[in-house]
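>>> compute the structure for the input listed below.
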Amino acid sequence: MPVFTFTGKTATGEKVTGDRTAATKQDLQNLLRRERIAVGSIKEKGKEFNLPMIGSGSVPTKDLAIFFRQFSVMIDAGLPLVQCLEILAANQENITFQKCLTGVRTTVEGGATLANAMRGYPKIFDDLATNMIEAGETGGILDVILQRLATYVEKAVKLRQAVRSALVYPTAVISIATLIVAGLLKWVVPIFANLFQGLDVSLPLMTRVVINLSTLIGKFGWIFVLLLIVLIIAIKYARSSPQGRFFFDNLLLKLPILGAILRKIAVARFTRTLGTLITSGVPILEGLTITARTSGNAVLEQSIMKVRKAVEEGRTIVDPLRESKVFPNMVVQMIGVGEATGAMDAMLQKIADFYEDEVDAAIKDMLTILEPLLIGFLGVVVGGIVISLYLPLFSMIAKLSG
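So this is what the prediction gives:
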């Protein structure tokens, strides 16, 4: 959505200015009126603040974690808010992030709150961050909230790195195996096929299969590549719709081994996010909405929104969680205990810690199993092709020696 700069006056006559995201100017004007702000002017921000989020212009999550950590230390030391933003922007190596922090500082100098200033950059500061910072500003504990944000982002980075490390090894082995097999079928096998044809020898079944496969790849290899590209584009297009995203996310959760790990990751992310929001003073309904949006899984998002609706109707959080059948019984029971004792935020954090450890252990176990399997698969495929090419030569040598 576009970002607008506005000026106006509060009911007490105090001048205010800032940046807000809205679909249209009229929507922003209605929003400001509900906040009892008499609107003076509303202008869409220029291109100098339209931050691109593609390629080198994006802000890494690790940089956000460092920013929140440094920001909390400065606030705790008693430095003024504007000075903190100025120092952090000046020392920021990422140009996109530097421009963002400069824009936030300018908006705060104009009288806006830090949370509203950050809302002008929704691609960098999401709803979770801005709502937590707003709660911190209201409660006068901004330094504590920033520390919690830094801890949350650092744990999210750790969880993401664990998932990536689990995917790197099998992806690399499968890719290398595919390239090796394709190279053998494309360039090596035809040389042996011409040799066998010139010698006019009878070929074993295994050799004939490999030669026919090589001929097929040589003639129609481009079709297979084209079909693969079309399949990738089709999956991306399907995932762009809510129904398609739900279908693929649900399919991933049902996969053997990987599905169990993804479910644990989803539970860890849900409990960590909701626990951090509740601890920071964000209302439960708002916390559930933000958690659903940042869940990263359409199945989980739908389940959380159903939980939110049930809580809004006056029900406890436990029953709708159990009815969703997404969360393990242990998680539901522990959340129920936390809700009954009034310590749900602490219970959610404990569940998140437990499941993050479970994810690490599950990924290590999966890699331990996958490593010999993938090496064996690579050996069988490549070795099978090589053996099939040498079988006729062994037969010829045997006949000649006989």
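>>> ok, longest helix in this structure?
Ranked by residue count and defined by DSSP state H, the top helix of the chain is helix 344-401.
>>> can you tell me the SS state at the residue most central in space within the chain?
The centre of the chain sits closest to Gly296, judged by CA atoms, centre = their mean, with a distance of 6.1 Å. With DSSP: H, G, I helix; E, B strand; the rest coil as the basis, Gly296 sits in coil.
>>> need the pLDDT of the nearest residue to it once chain neighbours are set aside.
Leaving aside its sequence neighbours, Gly296 sits nearest to Arg269 (CB to CB, 6 or more residues apart in numbering; 6.5 Å). Bear in mind the C-beta positions are built from the backbone N, C-alpha and C, glycine included. Predicted confidence (pLDDT) at Arg269: the value is 87.
>>> the one 10 residues further on now?
Among the per-residue scores, Thr279 holds a pLDDT of 88.
>>> any idea how far it is from Ser72?
As defined by CB to CB, to the nearest Å, Thr279 lies at a distance of 15 Å from Ser72.
>>> if we can go back for a sec, check contacts around the residue nearest to Gly296.
156, 159, 294-296 (CB atoms under 8 Å, 6 or more residues apart in numbering).
>>> what's the domain layout of the protein?
1-50, 156-402 (automatic domain parsing).
>>> now those as JSON lines including distance to Leu79?
JSON lines is the format used below for those (distance: least, CB to CB, whole Å):
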{"stretch": "domain 1-50", "distance to Leu79": "22"}
{"stretch": "domain 156-402", "distance to Leu79": "21"}
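>>> ok, which of those domains comes nearest Glu134?
domain 156-402 (8.4 Å; CB to CB).
>>> now the closest one, how far from the chain's geometric center?
14 Å (CA atoms, centre = their mean, to the nearest Å).
>>> what are the ranges of the strands in this protein?
All strands of the chain, identified by DSSP state E, fall at 3-9, 15-21, 38-44.
>>> who does the second one pair up with?
In the sheet containing strand 15-21, the strands it pairs with under DSSP bridges are strand 3-9 (antiparallel).
>>> got the angle for the strand it pairs with vs strand 38-44?
For strand 3-9 against strand 38-44, the angle by axes from the mean of the first three to the mean of the last three CA atoms, to 10 degrees is 160 degrees.
>>> buried ones in strand 3-9, by neighbour count?
Buried residues in strand 3-9, counted by 16 or more other CB atoms under 10 Å: 3-8.
>>> stretch 347-356 too?
347-349, 351-352, 354-356.
>>> which residues sit against that stretch?
So stretch 347-356 is contacted by 155, 158-159, 264-265, 267-268, 271-272, 274-276, 278-279, 331, 334-335, 337-338 (CB under 8 Å, 6+ apart).
>>> ditto for stretch 252-263
With CB under 8 Å, 6+ apart as the test, stretch 252-263 has contacts from 166, 266, 297, 299, 326, 359, 362-363, 366, 369.
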